[in-house]
Structures are given as structure tokens and as C-alpha cells.
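Participant: requesting a structural model of the entry that follows:
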Amino acid sequence: MLKPKHLALSACAGAMLVAAPHVVAQDTPPVNFIWIVADDLGYGDTGFNGSTEILTPQMDRLADAGVSMATAYVSAPVCGPSRAGYHTGMYQHRFGHEDLVGNSNMGTPTDVLMIQEYLKTLDYRTGLVGKFHDGKPEQYQPWNRGFDEYYGFNNGALTYWVGDNEEEYLYRNDQLVEHEARYLTDAFGQESVDFINRYADQPFFLEVAFTAPHAPMEATEPKLKAFEHLGDRQALAAMISSMDDNIGLILDALEERGIAEHTMVVLFSDNGGKFQHGGSNGVLRSQKATTFEGALRVPFAAKLPGVIPEGTRSDVMISALDLFPTTVKLAGGELDPEWTLDGKDILPVLSGESEVSPHDRLFWRFGAHWALRDGDWKLMRNPREGLFLFNLEEDISEEHNLIRQFPERAEEMRKTWDEMSEAVGPAAWGRFEGTTERK
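Facilitator: As a prediction, this is how the structure comes out:
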């Protein structure tokens with residue numbers, strides 16, 4: 001029985017998604033899904049977003065085979081809440097997951113449906129390779145949250161040279177890995193290829209949650225040597241390049257097994273880049289852990305041959321929350337009217353059928369940091385600097401604060417944000433527990 005408790009959807013958060021599943025010809029194989037998630041990958045650190053210092057030929061290969069999205073957002077500016085959002089298709093605040101879990105003994109409630117749990121009801125084989133970053137108690141572990149196979153860790157970060165696993169973080173399913181000699185990014189790439197090879201003959205969902213380029217800033221010697229000319233960005237570039245190589249191995253495996261034509265591959269980051277570690281968010285302002293664009297707008301590319309046209313780029317606003325309903329419908333499932341979903345089906349956007357965002361607005365709250373995007377307008381608060389109002393169509397870099405020029409517009413958006421903040425409820429743990437008051 002499907003989990004029903006996606007809570008009640010308020011009017012201000014948008015209409016329920018109840019459209020019929022996408023029509024798939026009877027002789028078409030079921031769609032496989034691979035979500036490739038980078039960790040702290042900056043908007044400006046992929047070739048398809050214009051990087052010339054760090055080349056990413058395999059990520060660009062994916063983008064060239066489909067669409068790259070210039071205005072793709074995540075629902076939080078840090079790892080854990082962002083992942084809770086895209087796994088459930090709803091603002092993670094609805095179940096209190098506003099902050100990192102830390103040592104709270106809390107996590108995404110087990111009565112909130114995750115995408116992998118739903119796909120299992122459609123007989124998909126589900127796998128997670130890499131980082132999970134949800135609650136620490138047993139009920140929140142990946143093997144109890146719908147993943148048939150798991151190779152990775154449930155924490156914010158891990159050394160890239162695990163060795164004898166003395167910290168006891170790395171797991172294969174529910175068993176500790178005694179020793180991992182491989183560079184962790186390479187291990188995750190190879191484990192992903194192994195999963196594809198094992199399940200190429202049946203429908204599967206695989207999340208490949210790389211830790212690169214999140215700290216610790218550790219890379220292989222050959223990669224470090226290749227980027228020694230980049231100075232402070234050397235380690236970051238080396239880590240991204242290793243991840244890019246392994247993305248290439250995943251794409252190769254799909255082609256070698258003859259299943260690339262019916263496998264949807266999506267690439268995105270859990271949040272923006274971090275300047276301290278050499279990350280670049282390109283033309284976007286600021287970095288991870290804020291609500292400026294550099295924290296929330298991320299690299300995003302997707303391919304599905306025959307459905308998503310090759311070599312396209314779109315500026316339509318989407319959210320990582322949209323992956324849940326889009327995947328459900330492409331898998332031949334239905335969106336239950338009892339679910340609360342803040343994500344929308346974005347296949348019409350990815351396929352080029354529509355050039356209109358399915359979102360009137362997007363909402364963010366991370367304690368005293370918050371934001372609302374409404375069309376081209378964005379109202380946000382930074383606790384150190386106060387309120388900002390930007391027109392992103394004219395000012396993508398958020399250089400010109402229009403709060404004094406358009407006070408009525410700002411007040412209208414503030415009221416909308418207040419309504420949405422009250423509707424999603426307070427944080428359940430962490431620094432922001434028990435409050436929805438955001439001055």
C-alpha cells in the first residue's frame with residue numbers, strides 16, 4: 001500500500017498534479033532512470049554552463065545528447081534538506097526537514113513517500129550509490145527507505161581514501177565495508193556500472209550521488225598534476241574531472257548494454273558551489289548556504305532519446321522537486337490525488353513542447369535566510385544584509401537591489417512568502433526548530 005501522508009496541500013503552494021500518465025507505446029521498453037547528483041558543484045564549473053578552466057567533456061556529452069537547463073533550482077541551499085526535497089517532490093519544510101540532521105536522531109519521516117519507494121511498487125529495481133545524508137537511526141537508512149541495493153554512506157562527507165573504514169561510515173547494503181582501496185569517486189563510478197550491468201534486462205532506478213567536489217578536498221595525484229596551473233582551484237578541478245570521467249563510464253555502460261535509448265539520465269547538483277573550496281557559480285551571486293542565486297540555481301542536464309531533443313538549452317524555470325512527478329509519469333505510474341506535491345511534471349519543458357514554466361513561484365526558507373521567486377522577480381532576506389528585491393530577467397547577478405524603488409511589489413511578495421511559510425510549517429529540528437517567524 002502506498003504511503004498516503006504527503007500532508008495537505010495549501011492553495012498558495014499550487015494545484016495538485018493529477019494528469020494522466022504519459023502515453024507509452026505497448027512495444028516500448030519501460031524507461032530506466034539514472035539521477036546523477038553532484039555535491040557542491042557550482043553553476044560555473046561545467047563546460048555546458050560555460051566553464052573554460054575546468055573541462056567536463058562527459059557532462060557536456062550528456063547535455064549535448066539532450067537539454068541543459070539554465071534556470072534549474074534546488075529547494076535548499078545545503079545538502080540534506082535539498083536531498084529530502086528531490087526525493088519526495090515536496091518542500092521538505094512540510095515534514096520539518098529545514099536544516100541538516102546533524103545528531104538530532106531525526107530524518108525524513110517514514111510515512112513520507114520517496115521516489116524509490118514508489119518505483120518499487122512498479123517493479124523497478126532500485127539502487128543508490130554514494131551519499132544519502134538523511135537521519136542516522138535505523139529506520140532512515142537507505143536499505144529501509146526503498147533502495148534494493150546501496151553502496152555509500154549516510155552522512156555529510158567522507159574521506160575519499162577510506163582504506164580500512166575505521167570511521168565505519170561506508171556500507172554495502174546494511175553491512176559495513178571492511179576496506180575500500182579505490183579513490184571514492186572511482187569506486188562510486190564502478191559500482192554504478194556494475195549495477196547497470198546486473199539489471200540491464202529489467203526496469204531500474206539508480207541514484208548516483210557523487211560526493212565530489214564536496215570537502216575534504218582530496219584528489220588523485222595524476223588529476224592534481226593535470227590542474228596544478230589552477231592554484232587554489234587545483235583540488236576542486238581534479239575532483240570534478242574524476243567525477244566527469246566516471247559519468248562517462250556510466251554513459252558508456254548504457255550504450256554497451258543497448259539500453260541508452262530507453263534510459264533517462266539527469267545530472268544536477270544538490271546546491272551551489274563553495275568559494276572556500278574553489279567553487280565558481282559563474283555569473284551568479286554568492287555561494288552555498290545563502291539564498292542568493294549562487295546557492296540555489298544549479299547545473300542541470302537531462303537526456304532521453306526520442307523524447308528530449310538533442311543539443312537544446314532552455315531558460316524555463318524548473319525545480320529539482322519536479323523530478324518526482326516527472327519520473328512517476330514516465331514510469332507509467334499515476335499521481336495519487338492524496339499526495340501533496342510541490343513539484344510539477346516538466347517533461348513538456350524538457351521535450352521542448354512547452355516554453356512556459358509550470359511554476360508561478362518558488363519558495364525557500366533556511367532559517368533566517370529565505371527567498372521567493374515570482375516570475376522574474378525575487379524577494380530574499382540575508383540576515384547580515386537585510387531584504388533584497390531583484391528582477392532576475394534584467395539582473396541575473398543580483399547586483400541591483402530594487403527594494404526602495406518597488407516597495408509595493410516587495411510587500412506583496414512578502415505577504416505571499418509569509419503565507420507559504422505558514423502553510424509548510426515550522427522546522428522539526430536543528431537551529432530553526434519550532435519557528436516560522438522570519439523577520
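Participant: find the nearest non-adjacent residue to the spatially most central residue of the chain, please.
Facilitator: In the chain, the residue lying closest to the centroid (CA atoms, centre = their mean) is residue 270, at 4.1 Å. The spatial neighbour of residue 270 that comes closest, neighbours along the chain excluded (CB to CB, 6 or more residues apart in numbering), is residue 82 at 4.6 Å. The C-beta positions use only the backbone N, C-alpha and C, and glycine is treated the same way.
Participant: kindly report the same for residue 138.
Facilitator: residue 144 (6.5 Å).
Participant: per-residue pLDDT of the closest residue to residue 104 other than its chain neighbours, please?
Facilitator: Distances taken as CB to CB, 6+ apart place residue 429 nearest to residue 104, at 4.0 Å, with adjacent residues excluded. Looking at residue 429, its pLDDT is 88.
Participant: one more: residue 103?
Facilitator: 83.
Participant: try residue 314
Facilitator: 98.
Participant: one step back: the residue nearest to residue 270 belongs to a helix, doesn't it?
Facilitator: Yes - Residue 82 sits within a helix when classified using DSSP: H, G, I helix; E, B strand; the rest coil.
Participant: and the helix or strand residue 239 falls within, what's buried?
Facilitator: Assigning secondary structure by DSSP states H and E places residue 239 in helix 234-256. The neighbour-count check on helix 234-256 (16 or more other CB atoms under 10 Å) flags 234-248, 250-251, 253-254 as buried.
Participant: the residue nearest to residue 104 contacts residue 99, correct?
Facilitator: Yes - counting by CB atoms under 8 Å, residue 429 touches residue 99, with 6.5 Å between them.
Participant: can you tell me how far the residue nearest to the centre of the chain sits from residue 224?
Facilitator: According to CB to CB, to the nearest Å, residue 270 and residue 224 sit 24 Å apart.
Participant: and for residue 253?
Facilitator: Counting by CB to CB, the gap from residue 253 to residue 224 is 27 Å.
Participant: secondary structure class for residue 362?
Facilitator: What three-state DSSP gives for residue 362 is strand.
Participant: count of residues packed around it?
Facilitator: Using other CB atoms under 10 Å, residue 362 has 21 other residues around it.
Participant: so where's the protein shaky on pLDDT?
Facilitator: For the chain, applying pLDDT under 70 flags the ranges 1-27, 435-439.
Participant: how's it carved up into domains?
Facilitator: Here the domain parsing of the chain from automatic domain parsing is 29-357, 363-432.
Participant: so for the longest one, first residue to last residue, what's the gap.
Facilitator: Taking CA to CA, to the nearest Å, domain 29-357 runs 29 Å from one end to the other.
Participant: would you list every one of the helices in the protein?
Facilitator: Using DSSP state H, the helices found in the chain span residues 57-64, 79-88, 115-120, 184-198, 221-226, 234-256, 293-296, 323-330, 347-350, 407-424.
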